[in-house]
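Colleague: what would the 3D arrangement of this be:
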Amino acid sequence: MAKIKMPKSNPSLDMTPMVDLAFLLVTFFMLTATSRVNEPVVVDTPSSVSDKLLPENVMLISIDEKGRAFYNINNSEVRIGTLDRMGAQYKIQFTDEEKKRFSGMTSIGVPMSQLKEYINMDNDKQALVKSPGIPHDSLDNQLKDWIMFGRIEAATQATQEKAKAEELGRDFKYEPLRFAIKADGKTNYIAVKDIIQIFTDMDIYRFNLITSLEDGSTKE
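Modeller: Take a look at the predicted model:
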């Protein structure tokens, strides 16, 4: 009896859905991604064996190898409120657009007299600016004001958020503001000591020192 040969056919796979999905993902990431903001200072932190992660709600003071101080606080709403307080203190009026731009910036390292001009620069021009650092000597301690007003604004906004949560009958989880110092490994210890002195003068005795592990990740 003759064997019946089944017709051979090449299997096929329709790749159209996969291609559509790939383009949808690419489009999604292009629309939702934000450009990286230039850091005005590069700090090469010393290494340590600590494995604690940097907290989310933090005020960070960076010190480069020349001892220049840079200020950053990572809550955008608190940043705007702090800028308002600093503007009132130094008689500088900031527009809503300038406040919005400032809220999306990273560390700043310019005196108040130069801040308005610095905010209005585009990212490329900001990257070319040689920031002199925020003044923090005995005659002009602007860094102390940044720390003080940032601390006040963070506490004020936390109180307001708690009141709103209680009014709506919701639970409120408060994460207190943390303070951190990120110093370059080549920074003179006196420069770090001066920043610590500013903290202690304001009765801030608990803060984190940022270091790096051998793999290059940032720790506290």
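
Colleague: isn't Phe179 right up against Asn72?
Modeller: No: assessed by CB atoms under 8 Å, Phe179 is found out of contact with Asn72, at 11.5 Å. For glycine as for every other residue, the C-beta is placed from the backbone atoms N, C-alpha and C.

Colleague: overlap in contacts of the two?
Modeller: By CB atoms under 8 Å, 6 or more residues apart in numbering, Phe179 and Asn72 have these common neighbours: 59, 61.

Colleague: how about stretch 135-146: buried residues?
Modeller: Within stretch 135-146, the residues that count as buried by 16 or more other CB atoms under 10 Å are 135-136, 141-146.

Colleague: do stretch 120-136 as well
Modeller: By neighbour count on 16+ other CB under 10 Å, the buried set for stretch 120-136 is 126, 131, 133-136.

Colleague: for it, output the C-alpha coordinates as PDB.
Modeller: Taking Å, rounded to 0.1, in the frame of the first residue of the first chain, the C-alpha atoms of stretch 120-136 are listed here in PDB:
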ATOM      1  CA  ASN A 120      17.000  82.300  32.900                       C
ATOM      2  CA  MET A 121      20.000  80.700  31.100                       C
ATOM      3  CA  ASP A 122      19.300  77.600  29.000                       C
ATOM      4  CA  ASN A 123      21.000  74.300  30.000                       C
ATOM      5  CA  ASP A 124      23.900  74.700  27.600                       C
ATOM      6  CA  LYS A 125      24.800  78.100  29.000                       C
ATOM      7  CA  GLN A 126      24.400  77.000  32.600                       C
ATOM      8  CA  ALA A 127      26.800  74.200  31.900                       C
ATOM      9  CA  LEU A 128      29.500  76.700  30.800                       C
ATOM     10  CA  VAL A 129      29.100  78.800  34.000                       C
ATOM     11  CA  LYS A 130      31.900  78.500  36.500                       C
ATOM     12  CA  SER A 131      29.800  78.600  39.600                       C
ATOM     13  CA  PRO A 132      31.600  80.400  42.400                       C
ATOM     14  CA  GLY A 133      29.700  78.500  45.100                       C
ATOM     15  CA  ILE A 134      27.200  79.900  47.600                       C
ATOM     16  CA  PRO A 135      28.800  82.400  50.000                       C
ATOM     17  CA  HIS A 136      29.000  81.000  53.500                       C
END
